[in-house]
Structures are given as C-alpha cells and as structure tokens.
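Chemist: Give me a model of this one.
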Amino acid sequence: MESPTKSKRHSLTVSQSESSPVRSASPSSLNDPPSESRALDESPSRVSPSDSPVRLMDRLRRFAASPQTSEPNSLSNSPNNSFHRKSPASMGASPVRSSSSRKTPVRFQIEANDIVLHEIIGQGGSATVYRGTVHNAMSVAVKVYQVLDKDSRDLVEKEISLVKSFNHINVLGLIDACELSSRNEYYFMMELCPETLRQLLNKRHEMSVFLTITEVKEYLVQIINGLKYLHELQDPVIHGDLKSQNVFAISFRDTEVPLLKIADFGESIGLSAKKRPNIGTIEFRAPEVFAPKSDDSIEYGTEIDIWSLGMTLYELLTLRIPFRSGSYQKTSLTDKIVKGARPLGLESLGNLSIFRTLFENLTEFDKTKRPSAKMAIQQLRDIKDTE
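Modeler: Okay, here's the model as predicted:
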C-alpha cells in the first residue's frame, strides 16, 4: 500500500480567555453546571464527559508532541474490518480554516491522516457518523457530510462557523473539521457519545417503565441549560431542530441520570441571520416556522426552540414521539400545528401530571408568551417532587 500523501496541518482557533469555563458534570443540579475541580489525565485515550472541545484539543496536541510507540492504524492494518476507510490525507484532505478575531488565540493542530474511521454509529439524511480514532489512541465521533453542490457546502460551512467555539457541558462540541475535496466530503470530529436520548427512552418504553418526577427534572434541566447557553451567546444561536434524537446521553456507573448534550446543528442559525421557513422536524416544529413555500420570507427567534423543548418534554413524560399516537397525516398535521394543536396523551400521566402546566407554557401558540430558557429553569425549579 502506498504511503499516504502528507496532508496540510489544520487548526481550529479557540480563545481560552474568552470561552466559557470547563465544568464538571452535575446532572442533578437545577443551575448551570458547577466549576471544574478535576485535573486532566495526560492520556487522551479516555474522554471524560466534562471535557470541552478546548480540553480535548489540548490533550491531543500534547499527546501528538509526545513520543509514539506505534503508527496510526490504516486500512492495511485492519483488512477484516469492512468499515475502515482510507485516511483523509490520502484522499486529498484540505483544512477547514477558522477565522477568528478573538485575542490571544490558542491554535490546536491535528494531522488529517491521523483520523481513522471504524464502524458506522449513526446515519441521517445528510451525513453518516462513524466511530473514529485519532493518533490510534483517542476515540471520537466523525460526522461525514456529502457536499454535492454549493448549497450543501454553504450549509456545512455555516454549521462549522456556528459550533466551532461552543464550550458547554450540555452542548456537543466540535473538536476539528476538514474537507476531503477528492470525495466531496466534510469530516466533523466531535466528542463520542454512546447513545441518543431517543434510544434511551425507547428502552424505557420497551420495558414499560416511565421516568420518575426526579428523572424528568434532571433530564430536562440539562437540555434547558444547553439551550440557555446557545440563546445567551453574544450572537445567539437558534438550534432549529431540538428533539430527543438530537440529544446525546452519556451514562455513568455511579449515577442514575446520564449526562445530556444537545447536538446536530445542521438546521441551526444565528439570531441575526436571515430565517429559513420549515426547518426542523415537523412534529417538533413551532407554528410560526411553517410557510407555504420554502423561499417565503419569515421571522422567528429563540421561541421556536422553546416550543421544541415542550415537545421534548412530551417525549420525557410519555416516552413517545409527539403526534405519532393518532392517525395524523403529514398534511393534516401541518394544518393542526399551525392552528395550535397539541399532541394527545397527556390526559392520564399520573403523578407526572405536575409537568403539564410547564408543557403548556412551553408550547404557547402565542410565541411572545413562551418563557425564555432562563425562565423555564425557574418554572422547573418551582415544580415540587411528590414521590
């Protein structure tokens, strides 16, 4: 096998002085996660859920600078693994350069040919997610986008510009990205999480075991904290497709509640940017996002994420996807949501009915009456456990 062509080094510019502090996990807290109290492990092979993209890149940079005992895996090293693919460098990888006006930037660099793809762990309409390794040591998730035209390229580069500086424990971080020009692909390297919240809820549904009041509160507060972070950035970010499928879960042996991280920013947009109608998944889409034509002018704000948060709360309470229990067709469902319809199934929640008022507040038809993420945390705190 020919040796791979040496790739250009690529970097992601992040400011340590201006990014949010790295924090340790405290899923049960109804406040923002507490400040960090843990020292870094020098080996990057194990990724702590409390690591931010800044920390992960720092670990990789220090690891890359240390003596290596073996070369990174390649396709020839694992002939029996059909999921392995050639390294990005051998396919004409070029770096995605991040532009930043931040002061005192810290540049983290990774060779593109240090990334090796393994098995597929997720698949969507526009991307495939693989488990990958960097420097043959650290496991990461690698999201591979197909870029077939200018529009798809613009969407991918928009996502990079949005997520490259995210630094919050409840938001999935981008570690680095590169373009594979010869294959019309982009690689996003991200924190590796074992499952989505939707998969976790599906397991509970199969066992007919509903979440407890405490679990609902501790799941929901993490999602709200992630939204609050996005909505309070200097240039606020609208997620645009919040649902349990786009929230990742990391479970721990010593805690009952997993750490949750909001992910998948393909539909996301800056608050000041031109708005696109009909974004997100229809069952989670706020009424004001619908429009007859995809090029219609439309205005909305972070309130659309609050509506989707309400529908995600519905998932936590019922273990089901909203509007899937009836005989709704897509066209009739659109008409119903535009007129303010809410999903069925909240009539007999037992002790979980204490969340019904919060659900109704989050899914107010009048967007001006929906609470902000900060207000939603307070409303959640006001719900008293009765278990």
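Chemist: rest of the way, CA atoms for contacts and neighbours
Modeler: Will do.
Chemist: what about the helices in the chain?
Modeler: In the chain, the helices defined using DSSP state H lie at 53-65, 150-163, 197-206, 213-231, 303-318, 330-338, 356-362, 373-381.
Chemist: counting contacts, what elements does the last one pack onto?
Modeler: In this case it means helix 373-381. When contacts are defined as 3 or more CA pairs under 8 Å, 6 or more residues apart in numbering; DSSP states H and E, helix 373-381 sits against helix 213-231, helix 356-362.
Chemist: do that again at 7 Å, thanks
Modeler: If you count contacts as 3 or more CA pairs under 7 Å, 6 or more residues apart in numbering; DSSP states H and E, helix 373-381 packs onto helix 213-231.
Chemist: ok, back up a step: between the helices of the chain, which gets nearest to Met190?
Modeler: Evaluated with CA to CA, the helices of the chain place helix 53-65 nearest to Met190, the distance being 7.9 Å.
Chemist: Now Asp267: closest residue in space that isn't a chain neighbour?
Modeler: One thing to correct before we go on: residue 267 is Glu, not Asp. Gly240 (5.4 Å; CA to CA, 6 or more residues apart in numbering).
Chemist: what residues are up against that neighbour?
Modeler: Residues near Gly240 by CA atoms under 7 Å, 6 or more residues apart in numbering: 267-268, 279-280, 305.
Chemist: go again using 6 Å as the cut-off
Modeler: Shown in contact with Gly240 (CA atoms under 6 Å, 6 or more residues apart in numbering): 267-268, 280.
Chemist: would JSON lines of the residues you listed with neighbour count, distance to Lys143 and pLDDT be doable?
Modeler: Converted to JSON lines, these look like this (neighbours: other CA atoms under 10 Å; distance: CA to CA, whole Å; pLDDT from 0 to 100):
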{"residue": "Glu267", "neighbour count": "18", "distance to Lys143": "15", "pLDDT": "87"}
{"residue": "Ser268", "neighbour count": "20", "distance to Lys143": "16", "pLDDT": "89"}
{"residue": "Gly280", "neighbour count": "21", "distance to Lys143": "19", "pLDDT": "90"}
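Chemist: Looking at those residues, which one is closest to Leu197?
Modeler: Once CA to CA is applied, the member of those that ends up nearest Leu197 is Gly280, at 17.3 Å.
Chemist: Who are the contact partners of that closest one?
Modeler: Contacts of Gly280 by CA under 6 Å, 6+ apart are 240-241.
Chemist: and it, what are its phi and psi?
Modeler: Backbone torsions of Gly280, given as degrees, to the nearest 10, read phi 90, psi -180.
Chemist: from the contacts of Gly240, which is closest to Leu148?
Modeler: Taking the contacts of Gly240 together and measuring to Leu148 by CA to CA, the closest member is Glu267, at 17.7 Å.
Chemist: Quick one: low-confidence residue ranges for the stretch 251-387 of the chain.
Modeler: 292-297, 326-331, 386-387 (pLDDT under 70).
Chemist: give me the number of residues near Gly270?
Modeler: If you count neighbours by other CA atoms under 10 Å, Gly270 ends up with 19.
Chemist: cool, and Val216?
Modeler: Neighbours of Val216 (other CA under 10 Å): 19.
Chemist: follow-up on the earlier one: and the residue nearest to Glu267, how far is that from Lys369?
Modeler: 19 Å (CA to CA, to the nearest Å).
Chemist: Then Thr363?
Modeler: Distance of Thr363 to Lys369, computed by CA to CA: 9 Å.
Chemist: ok, now Ile321?
Modeler: 24 Å.
Chemist: Please report how far Asp114 lies from Arg276.
Modeler: From Asp114 to Arg276 the distance is 37 Å (CA to CA).
Chemist: try Leu313
Modeler: 25 Å.
Chemist: Ile169 now?
Modeler: In terms of CA to CA, Ile169 sits 28 Å off from Arg276.
Chemist: More neighbours: which of the two?
Modeler: Ile169 (30 against 19).
Chemist: which residues does the more buried one contact?
Modeler: By CA under 6 Å, 6+ apart, Ile169 has no neighbours at all.
Chemist: ditto for the one 5 residues further on
Modeler: Contact analysis of Leu174 by CA under 6 Å, 6+ apart lists 164, 190.
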